[in-house]
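[1] Give me a model of this one.
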Amino acid sequence: RATVIKADQKGGLWLGTHAKGLLHFWPQSGQLVSFEHDPARPASIPSNNIESLWLDQTGNLWIGHVGSGLSQLITRNANFEILPIPSTKSGDPVILNTQCVLEDSGGNLWIGTWRNGVYRYHPDLGESTIFRNQPGNPQSLASDMIWDILEDRHGLIWLATHKGLQRFDPKNETFRTYGEESGLRHLAIRSLLEDHTGKLWIGSFGGLHWLDSQGDTIQFLHSFSEQSNLIITEIFEDSQKDIWVSAHGQGIYHLDFETDNWTHFQKKGRGFKELSANIVRKVVEDTEGRIWLGTEGGGLNLFLPNPNDFDSSGFRHWRPYNSKLPDENIYNLSVDQQNRLWLSTDMGLFSFHPKTNEIKPYMLPGKIRGLNVKTRSGKNGTFFAGNAQYIYRFFPDSIKQNTYIPPIFITEFQINGRPVPIQGTFGDSLQQ
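    Prediction:
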């Protein structure tokens with residue numbers, strides 16, 4: 001039950017409860033976000049029992065807890081924002097079971113979901129449109145299961161669906177579907193990449209394909225691997241025009257642009273320089289040209305190339321047993337202009353600075369466990385993170401650490417549970 005309610009300047013309502021923590025409710029959209037105590041997250045609120053709330057002149061929220069003191073939630077200049085996605089124009093409720101997020105060049109967010117189609121949402125306008133499969137209508141979405149979304153250099157939107165590849169033209173709001181008749185060996189598409197030539201790389205549940213820059217012919221890549229039915233979960237092109245391809249449970253494949261040779265890296269045993277896990281969820285390149293891999297079950301990996309013998313190249317690992325990284329599962333990676341890595345994990349969001357090895361946790365509103373949504377960096381340095389329920393937007397280069405150290409005032413002193421009068425002036429020591 002709610003014990004206290006406060007309205008903020010943005011039209012939201014803050015509700016303090018007993019046992020359920022803090023709630024933030026937007027009456028217009030009906031979206032409800034909860035803040036709860038989590039023993040695994042030191043930055044979470046200290047207690048779920050809230051007795052009082054107070055909004056100060058700057059818009060920050062002060063929270064009085066039963067038996068756990070006072071805490072403060074920075075709201076006005078919050079570093080992380082939950083996007084309050086409203087209902088669609090047709091009145092359909094937004095049911096987020098998010099799989100992937102893309103911000104296009106027009107500022108629209110494309111939100112691919114699991115079995116709920118794809119949403120196009122413009123945060124500034126507050127407008128949302130839903131696209132779903134309509135049985136018998138070949139012009140509709142091919143499947144309501146969306147694995148990846150990409151915008152190409154021409155502004156066309158590509159959707160990796162469970163029943164084929166689709167291209168959406170924003171100008172005329174039409175879909176074109178690519179299926180078996182177009183050359184796909186497997187209709188379930190998992191990952192997408194547009195390379196420097198405009199060629200579209202298509203990762204499916206049955207291997208790797210190409211679509212030429214004219215968008216007409218799909219080819220299956222026979223020379224990629226001797227194994228068949230590889231599930232391609234991630235495709236990345238680095239600054240050297242090399243291609244990195246992650247195959248679920250099979251590690252990662254590297255295509256050298258100059259030699260056109262493939263090299264396969266995987267975890268085979270407990271080798272010190274081996275890949276730490278065979279499920280690679282994300283590949284990024286930092287500002288110094290180094291390749292980083294986020295793995296499931298093996299933490300963070302840094303690729304260590306051997307220029308003289310590429311096959312003997314290896315990896316350096318950051319895992320809970322040898323670093324302050326608290327989680328083995330890294331679902332998403334991003335690199336900001338300060339060369340910090342942002343890691344989405346089961347334990348929440350963390351930043352990692354390679355030069356100092358510093359790892360910092362960041363408190364996000366809501367129940368943030370399981371940040372497993374596939375995201376791409378947005379415009380103007382915007383980053384996204386998310387799980388099935390929430391989508392977070394933040395600007396890493398604008399995040400400022402709070403360096404203010406508040407003064408401490410002693411209002412009461414106890415010995416063995418009994419109040420003792422404090423005598424003397426500031427600077428005097430306490431003597432029994």
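[2] any idea which element the closest residue to T375 other than its chain neighbours lies in?
    Spatial nearest neighbour of T375, excluding adjacent residues (C-beta to C-beta, 6 or more residues apart in numbering): F384 at 4.2 Å. (C-beta placed from N, C-alpha, C; glycine too.) F384 is part of strand 383-386 when elements are defined by DSSP states H and E.
[3] Mind checking what helix or strand follows that strand in sequence?
    Trace forward from strand 383-386 with DSSP H and E and the next one is strand 391-394.
[4] what about stretch 107-120, distance to the chain center?
    15 Å (C-alpha atoms, centre = their mean, to the nearest Å).
[5] Just the endpoints, please. Distance across that stretch?
    Start-to-end span of stretch 107-120 (C-alpha to C-alpha, to the nearest Å) is 10 Å.
[6] what comes up buried for that stretch?
    Of the residues in stretch 107-120, N108, L109, W110, I111, G112, T113, W114, N116, G117, V118, Y119, R120 count as buried by neighbour count, 16 or more other C-beta atoms under 10 Å.
[7] what's next to that stretch, contact-wise?
    Contact with stretch 107-120 is made by 83, 85, 88, 94-104, 121-124, 128-133, 141, 144-149, 157, 159, 379, 388, 391, as judged by C-beta atoms under 8 Å, 6 or more residues apart in numbering.
[8] 7 Å instead, please
    Contact with stretch 107-120 is made by 94-104, 121-124, 128-133, 141, 144-147, 149, 157, 159, 379, 391, as judged by C-beta atoms under 7 Å, 6 or more residues apart in numbering.
[9] How about stretch 222-238?
    Outside stretch 222-238, the residues touching it (C-beta under 7 Å, 6+ apart) are 190-191, 193, 195-196, 201, 203-208, 243-248, 250, 253, 262, 280-283, 285, 291.
[10] tell me the mean pLDDT for that stretch?
    Mean pLDDT, stretch 222-238: 88.
[11] least trustworthy helix or strand in this protein by mean pLDDT?
    Least confident helix or strand of the chain, by mean pLDDT, DSSP states H and E, is strand 80-82 with a mean of 70.
[12] which outside residues touch whichever helix or strand comes after that strand?
    Using DSSP H and E, the next helix or strand after strand 80-82 towards the C-terminus is strand 98-103. Residues from elsewhere that reach strand 98-103 (C-beta under 7 Å, 6+ apart): 109-114, 146-151, 373-376, 378-379, 382, 384, 386, 388, 391.
[13] List only buried entries from those residues.
    Buried, going by 16+ other C-beta under 10 Å: 109-114, 146-151, 373-376, 378, 384, 386, 391, out of the contacts of strand 98-103.
[14] Quick one: classify E181 as helix, strand or coil.
    Following DSSP: H, G, I helix; E, B strand; the rest coil, E181 is assigned to helix.
[15] Tell me how many other residues crowd it.
    The number of residues packed near E181 is 9, by other C-beta atoms under 10 Å.
[16] repeat for V66
    By other C-beta under 10 Å, the residues close to V66 number 14.
[17] Please tell me how far it sits from Q414.
    19 Å (C-beta to C-beta, to the nearest Å).
[18] Likewise for N308?
    69 Å.
[19] Check the gap between the residue nearest to T375 and I391 for me.
    In this view, F384 and I391 are 6 Å apart by C-beta to C-beta.
[20] ok, back up a step: for PyMOL, what selects the buried ones among the contacts of stretch 107-120?
    This is how PyMOL selects the buried members of the contacts of stretch 107-120, with burial counted by 16+ other C-beta under 10 Å:
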select buried, resi 94+96+98+99+100+101+102+103+104+121+123+128+130+131+133+141+144+145+146+147+149+157+159+391
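[21] right, and E151 touches S105 too?
    Yes: assessed by C-beta atoms under 7 Å, E151 is found in contact with S105 at 6.4 Å.
[22] hey, where'd the helices end up in this structure?
    Counting by DSSP state H, no segments of the chain form helices.
[23] Where does pLDDT dip in it?
    29, 40-43, 58, 74-80, 84-96, 365-369, 400-406, 409, 422-432 (pLDDT under 70).
[24] Would you point out which residue is most central in it?
    Nearest to the mean C-alpha position of the chain, counting by C-alpha atoms, centre = their mean, stands A385 at 2.8 Å.
[25] so that residue bridges to which residues?
    Y392 (DSSP bridges).
[26] And D38, how far from N332?
    20 Å.
[27] in the stretch 151-300 of the chain, which spans are strands?
    157-161, 164-169, 174-178, 189-194, 200-204, 207-211, 218-220, 232-237, 243-247, 252-255, 262-265, 280-285, 291-295, 300-304 (DSSP state E, counting those that start in this stretch).
[28] Including distance to P326, could these go into JSON lines?
    Output for those, formatted as JSON lines (distance: least, C-beta to C-beta, whole Å):
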{"stretch": "strand 157-161", "distance to P326": "31"}
{"stretch": "strand 164-169", "distance to P326": "37"}
{"stretch": "strand 174-178", "distance to P326": "41"}
{"stretch": "strand 189-194", "distance to P326": "27"}
{"stretch": "strand 200-204", "distance to P326": "30"}
{"stretch": "strand 207-211", "distance to P326": "34"}
{"stretch": "strand 218-220", "distance to P326": "41"}
{"stretch": "strand 232-237", "distance to P326": "23"}
{"stretch": "strand 243-247", "distance to P326": "23"}
{"stretch": "strand 252-255", "distance to P326": "24"}
{"stretch": "strand 262-265", "distance to P326": "25"}
{"stretch": "strand 280-285", "distance to P326": "17"}
{"stretch": "strand 291-295", "distance to P326": "14"}
{"stretch": "strand 300-304", "distance to P326": "12"}
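[29] which of D38 and N332 has more neighbours?
    Neighbour count, other C-beta under 10 Å: between D38 and N332, N332 has more, with 25 against 18.
[30] picking that back up, my guess is the residue nearest to the centre of the chain meets R393, correct?
    No: using C-beta under 7 Å, A385 is not in contact with R393, being 8.5 Å away.
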